[in-house]
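**Q** fold the following, please.
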Amino acid sequence: MSTENNDDETKQDVERLKEEVTKLIDDIDHSYYRIPKEEFESITVSKITRDVSEQLNKRISTWRNWIGIAIVVLSFFGINQIPKLISEIKDEIKKEIAEKMDEHTKKAVEPLEDRINYKLDTIHEQYKALHSAQENIFPKVISTVQETAKTATNKEFESIKSQLLSLQKSALEIEVEKLMANIKAKKISYSAAAKKFKNMESRALEIRDKSFFPKFIDNYVKVLVNAEQWIEVHKLQTKFEKDFKFSYYTWVNIAIADMSLYEKSHSHLYKERAVYAYQQALNLLPDYGTPYAVRLIIHMIDYSRTSNNDVKDHEKSEALKLINSINAGRDVITSYETYNYLNRMKSDRYLKDFILDLESLFPTEMTIMKSRYQQELDYINKKNKKPKSSKKLS
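**A** Numbering: from 1, shown residues only. The predicted structure is shown next:
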């Protein structure tokens, strides 16, 4: 009966395990909208069927047999009627001798009776030893077998879960790649894309990959900045900065979001956050030009807003120092990236006036930066074997 109960419990454990695997498959199912159903089944369902059925269930079956055998043995040794049976046999022998044998025969069978009693006493002692084993040894054996089974099951389950998370990661990478391609092709707006990224956030976190999630954040923040959802960028920074290492690309987009909030709200808190963010970007990549462009724009924001001539002179002086430092670099890549961002922001309804202020206040220096930009652009076009654009920079 104990064996049957154990088998039932084991079957329940197996069913629970299968349910967990099914939940995992269901959890990633919605990530595979881009993968045909047939391919999804070949990647996941057939793999689970093969690995779980042929390996995991085989092991569970083995563990079940061991536990079943141990319980059968335990049940066998747990028969508590042995002492009673031995006592009854002795009494029956004595009764038979007393009732059916004369004195002469009794004396003749006394050695036989002693031998029988000795055998029965030996059995009794053996039983006591087995009973002791039942109480002290077999529970430990059962516990060890059960714990081994549990540990091995957990390892196998974690292995399967890891494989499924890897598949989920691949699916999410495909989804992000397709979304960014659709943005580039103008098939979806940045605002609509931002909503999709928000829906993907929890799934990206579930993957628990320290290298994957920052890449996901790179794209997410870029989309939010272009959608002008700057407060959402700040929320992401607050939420994940302590747990993940942001790339220089994420930091500069955070700086752009805070710079935009500073321009819109006039709050110096956003200026401080923008300065902190672009410094973080430069700590990771010192020759990265876009953070310098953000700093130049902030100088122009402060220059244009103040009526204090001393403040104006200070901001103008600091901006000039920064431009000269950028142009003095041996590698023109910094000038290229700085000018590239400033030139793109000429079309921004919030920032274009500050870019024009830079060109108006520092015409010579900005011309030098433009020429260095063009030098790098020519090199890139030549390297990629692309025809040089005939479009002139504005």
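
**Q** SS state for residue 208?
**A** For residue 208, the reduced secondary structure class is coil; criterion used: DSSP: H, G, I helix; E, B strand; the rest coil.

**Q** next, count neighbours for the spatially closest residue to it that is not a sequence neighbour.
**A** Spatial nearest neighbour of residue 208, excluding adjacent residues (Cβ to Cβ, 6 or more residues apart in numbering): residue 165 at 7.1 Å. The way it works is simple: take the backbone N, C-alpha and C, and place the C-beta from them, glycine included. Other residues lying near residue 165 total 17 when counted by other Cβ atoms under 10 Å.

**Q** again with residue 191
**A** 13.

**Q** C-terminal to the helix or strand where it lies, what's the next element?
**A** Under the criterion DSSP states H and E, the helix or strand holding residue 191 is helix 190-206. Beyond helix 190-206 on the C-terminal side, the first helix or strand identified by DSSP H and E is helix 212-226.

**Q** still on that earlier bit, buried residues, the helix holding residue 191. List them.
**A** With burial defined by 16 or more other Cβ atoms under 10 Å, the residues of helix 190-206 counted as buried are 193, 194, 197, 200, 201, 203, 204.

**Q** any weak-confidence spans in the stretch 151-300 of the chain?
**A** Under the criterion of pLDDT under 70, the regions of the stretch 151-300 of the chain flagged as low confidence span 151-162, 164.

**Q** can you pull out the helices in the stretch 251-394 of the chain?
**A** With DSSP state H, counting those that start in this stretch applied, the stretch 251-394 of the chain shows helices at 268-284, 289-305, 309-327, 333-344, 352-361, 363-383, listed in chain order.

**Q** er, the stretch 101-250 of the chain I mean
**A** Assigned by DSSP H, counting those that start in this stretch, the stretch 101-250 of the chain shows helices spanning 103-136, 138-184, 190-206, 212-226, 230-240, 248-265.

**Q** got a list of contacts for the helix holding residue 191?
**A** Identification of contacts with helix 190-206 by Cβ atoms under 8 Å, 6 or more residues apart in numbering yields 27, 31, 165, 168, 172, 175-176, 179, 182-183, 188, 212-213, 216, 219-220, 223-224, 226-227, 229, 232.

**Q** hmm, try it at 6 Å
**A** With Cβ atoms under 6 Å, 6 or more residues apart in numbering as the contact definition, helix 190-206 has outside contacts at 179, 183, 213, 216, 220, 223, 224, 226, 227, 229.

**Q** surely the residue nearest to residue 208 touches residue 207?
**A** Yes: Residue 165 is within contact range of residue 207, at 5.5 Å (criterion: Cβ atoms under 6 Å).

**Q** gap between residue 308 and residue 321?
**A** 20 Å (Cβ to Cβ, to the nearest Å).

**Q** check residue 286 too.
**A** Distance check for residue 286 against residue 321: by Cβ to Cβ, it reads 17 Å.

**Q** what's the answer for residue 201, then?
**A** Distance, residue 201 to residue 321, by Cβ to Cβ: 41 Å.

**Q** with residue 352 instead?
**A** Residue 352 is 24 Å from residue 321, where distance means Cβ to Cβ.

**Q** so what's the backbone phi/psi at residue 288?
**A** Residue 288 has phi and psi values of phi -70, psi 120 when expressed as degrees, to the nearest 10.

**Q** so how far is residue 219 from it?
**A** Going from residue 288 to residue 219 by Cβ to Cβ gives 18 Å.

**Q** swap in residue 358?
**A** Between residue 358 and residue 219 the computed distance is 29 Å (Cβ to Cβ).

**Q** of those two, give the one with the bigger neighbour count.
**A** Using other Cβ under 10 Å as the criterion, residue 358 and residue 219 rank with residue 358 on top: 22 against 19.

**Q** distance of the nearest residue to residue 350 once chain neighbours are set aside from residue 196?
**A** Leaving out its chain neighbours, the residue that sits closest to residue 350 by Cβ to Cβ, 6+ apart is residue 263, at 5.6 Å. Using Cβ to Cβ, one obtains 28 Å as the distance from residue 263 to residue 196.

**Q** ditto for residue 369
**A** Counting by Cβ to Cβ, the separation of residue 369 from residue 196 is 37 Å.

**Q** then residue 378?
**A** Taken as Cβ to Cβ, the spacing of residue 378 relative to residue 196 amounts to 38 Å.

**Q** cool, and residue 173?
**A** Separation of residue 173 from residue 196 (Cβ to Cβ): 14 Å.

**Q** which among the contacts of helix 190-206 gets closest to residue 293?
**A** Set against residue 293, the nearest of these by Cβ to Cβ is residue 226 (16.1 Å).

**Q** neighbours of that closest one, how many?
**A** Applying the criterion other Cβ under 10 Å, we find 16 residues in the vicinity of residue 226.

**Q** how about it: what's its closest non-neighbour residue?
**A** Closest residue to residue 226 in three dimensions, ignoring its sequence neighbours and counting by Cβ to Cβ, 6+ apart: residue 190, at 4.3 Å.
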